[in-house]
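**Q** Predicted model, plus sequence, below.
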Amino acid sequence: MLRSSDIAGLAKAPDFPFGSMHGNATAVEYQNASTISITALGITAGLIVLMSFLWVRWSVKDIPDGPWGFPILGSFPFLTHYPELTLDRWAKKYGSLYSINLGNQLFVIASDPGIAKDLMVTNGAVFSDRKEMFVKSQTVFVGRGITATRYNDRWRKHRRIASLWLSHKAVESYTPVLDFEATDMIKALYADCQNGTRHINPQAYAGRCSLNNMLTITFGFRTDSIYHPMVKQALRLSREFMNTTGPMSNLVDFIPLLQKMPTHMRTRGKKLHQDLVDTYGGLIKGIEEKMVNGGNVQDCLAKTMIELREEEELDHLDMAILASAFMIGGVETTASIMQWFSALIPAYPDIQRKAHEELDRVVGRNRLPTIDDEINLPYCHAIIKEVERCHNPFWLGTPHVASEDFTYQGKKIPKGAVVVLNTWTMHHDSSRHPDPEMFNPDRYINDSTLSSASSNLADPFARDHWMFGAGRRICPGMLVAEREIFLTISRMLWAFDMVQIPGKPIDLKEYDGLSGRSPVPFEILLKPRFEGVEDVLDREGK
Ligand code: HEM
């Protein structure tokens, strides 16, 4: 059942339960009656779990092939660390569509753009559901929030409301906010870099920039420094969410028996739920009070929800969790790309030189690059796409679920199967991306599409990358994310030579968090590129 090659990298394999069950039964004969009944209960429970595991693989014929893993646990022990690398190894062994089990849950892993499109886009009516994960959906989001909800009317309503703030027109209207925050970030970096002499970790600056954008869009306010208490609180909440809700990281999600027990994950999930409601629900209450008292409230998602509350039948929890989904989905993600960019680029002086040359030629040195320049800066644009290909913040994305039985290429994908986009394998396919491990922006030099437009291309093999997911649940925040990322990265390139500190190498392999998110802490030098940088920064962003 378990293949020896599957054991590679596993520190300690769990005991094989068949053996221990048999041993228990012999000992039981010599115990008193209560011990017998407790043991019998334990064995029955174990058998039920084991049977439900076997049922998943035996009940449906012709499911895609794949590793069996361990009884009960399935492949879980192989996915606790760098899961994308294990999924990639299995894709090479079992092909672009394979299956695994985690507890009683069947997962189907799609590792090819054609399959991703066929399932999630062409058959979006079947593959747009979500699994109600015990920790993420049931405990933290309590069935609300657009990201984790089933494919139903509640989701449609939340997606509609989210779109009011994420549509093209809406993003146009608040692009000045994104512009202002990007400049503010560069100013803070400029002030703190002490003319390129001080070691700087740009991560907190990127985090606050993303946070301010989302705070303004969601609640109509911003923080004025990295020491504002909301910076610490919001970043802690996003981080805790990412660390507690990975799509394959919680055994309790796949073993229903554990869900009845007071596990550590259940306690953490409940606390996180309460913290989200207190923090973001609290901000909504404050805005509501201000509106009731006739105060002037800046347009924002919270205000829109309060105004639509009756018409859309939103309760306080709906509003608090939808706002939380914005604060979680829109902060760590964009910040992560800026952080990976800052970690990577100092190692590539030639790439920086080419970007500087392009910026000097197209933008000049008397102003900062703007959104309108993006189309004329193909090399900067290519750098961004290449960072996103190499460092997708969510290698496993947010999985979709089949809402009915489906047959694809002669294989059965049963109703309830969780479908994961294996973006690591897709982003490292050497037939599409030669030398995939190399950071090489030139591979995107002729691709001037925005990622949001690229995701709509008829040919899925022409799509730039799969960082934003696919189909009807595709990230609705793509436009904001792209603008924010372009403004910050092009301006960092415009303002600074980003340089490695001698003797302080930057670790580009390890990452912080469950799957790909942000680099482990690092420091670099930011050297202003020319004397006029300060003057331009002084003039702009007022
Ligand atoms: C680099 C930045 C970002 C990345 C990599 C990213 C990635 C993703 C991914 C992979 C999904 C799941 C898609 C799927 O199910 O196929 C998603 C969904 C979502 N994202 Fe983003 N995202 C980013 C930025 C944002 C921003 C700025 C927002 C703004 C609020 C946002 C809001 C959402 C929401 C609300 C969903 C849930 C959609 C649904 O289930 O219908 N994201 N994102």
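**A** Alright, I've got the coordinates. Residues are numbered from 1 along each chain as shown.

**Q** Would you mind listing what in the stretch 251-400 of the chain touches the ligand?
**A** With C-beta under 6 Å from any ligand atom as the criterion, the stretch 251-400 of the chain meets the ligand at residues 325-326, 329-330, 333-334, 337, 393-394, 397-398, 400. Where C-beta positions appear, they are placed from N, C-alpha and C, glycine not excepted.

**Q** Helix or strand: which one has the closest residue to residue 393 other than its chain neighbours?
**A** The shortest distance from residue 393 to any non-neighbouring residue, by C-beta to C-beta, 6 or more residues apart in numbering, is to residue 336 (4.0 Å). In this assignment (DSSP states H and E), residue 336 forms part of helix 332-344.

**Q** Looks like residue 415 contacts residue 405 (just checking).
**A** Yes - between residue 415 and residue 405 there is a contact under C-beta atoms under 8 Å: 5.1 Å.

**Q** What's the end-to-end length of stretch 110-129?
**A** Stretch 110-129 stretches 16 Å from its first residue to its last (C-alpha to C-alpha, to the nearest Å).

**Q** pLDDT value on residue 144, please?
**A** pLDDT recorded at residue 144 is 87.

**Q** So for stretch 99-107, what gets flagged as buried?
**A** Across stretch 99-107, burial judged by 16 or more other C-beta atoms under 10 Å covers 99-107.

**Q** Excluding chain neighbours, give the residue nearest to residue 428 in space.
**A** Closest residue in space to residue 428, ignoring its immediate chain neighbours: residue 436 at 4.0 Å, by C-beta to C-beta, 6+ apart.

**Q** got the contact list for that neighbour?
**A** Contact analysis of residue 436 by C-beta atoms under 8 Å, 6 or more residues apart in numbering lists 427-430.

**Q** Now the two most distant members of the residues you listed.
**A** Within those, two members stand farthest from each other by C-beta to C-beta: 427 and 430, at 11.0 Å.

**Q** between the two, which one's more packed in?
**A** Comparing residue 427 with residue 430 by other C-beta atoms under 10 Å, the one with more neighbours is residue 427, at 22 against 9.

**Q** For that one, give me its contacts.
**A** Contact partners of residue 427, counting by C-beta under 8 Å, 6+ apart, are 389-390, 392, 433, 436, 465-466.

**Q** now with 10 Å?
**A** 84, 88, 388-392, 395, 433, 436, 464-467 (C-beta atoms under 10 Å, 6 or more residues apart in numbering).

**Q** Pull the most distant pair out of those.
**A** 88 and 464 (19.6 Å).

**Q** Comparing these two, which residue is more hemmed in?
**A** Comparing residue 88 with residue 464 by other C-beta under 10 Å, the one with more neighbours is residue 464, at 23 against 20.

**Q** The closest residue in space to the more buried one that isn't next to it in sequence: how many residues sit nearby?
**A** Once flanking residues are discounted, residue 464 sits nearest to residue 454: 4.4 Å by C-beta to C-beta, 6+ apart. Neighbour count of residue 454, defined by other C-beta under 10 Å: 18.

**Q** and what of the one 5 residues further on?
**A** By the measure other C-beta under 10 Å, the count of residues near residue 459 is 9.

**Q** The residue positioned nearest the centre of the chain and residue 329: what is the separation?
**A** Closest to where the C-alpha atoms of the chain average out (C-alpha atoms, centre = their mean) is residue 394, at 3.8 Å. Here the criterion is C-beta to C-beta, to the nearest Å. By it, residue 394 lies 10 Å from residue 329.

**Q** So for those two, which residues contact both of them?
**A** Residues touching both residue 394 and residue 329 (C-beta under 10 Å, 6+ apart) are residue 475.

**Q** Which residues of the chain lie near the ligand?
**A** Residues of the chain found near the ligand (C-beta under 6 Å from any ligand atom) are 146-147, 159, 162, 166, 325-326, 329-330, 333-334, 337, 393-394, 397-398, 400, 467-471, 473-477, 480-481.

**Q** So which of these sit within helices?
**A** Residues of the residues of the chain next to the ligand located in helices (DSSP state H): 159, 162, 166, 325-326, 329, 333-334, 337, 480-481.

**Q** on that earlier part again, show me what the helix holding residue 336 is packed up against.
**A** Packing partners of helix 332-344 (3 or more C-beta pairs under 10 Å, 6 or more residues apart in numbering; DSSP states H and E): helix 168-193, helix 203-219, helix 229-244, helix 378-390, helix 478-495, strand 496-500, strand 524-528.

**Q** lowest-confidence stretch among those?
**A** Across those, helix 229-244 gives the lowest mean pLDDT, at a mean of 90.
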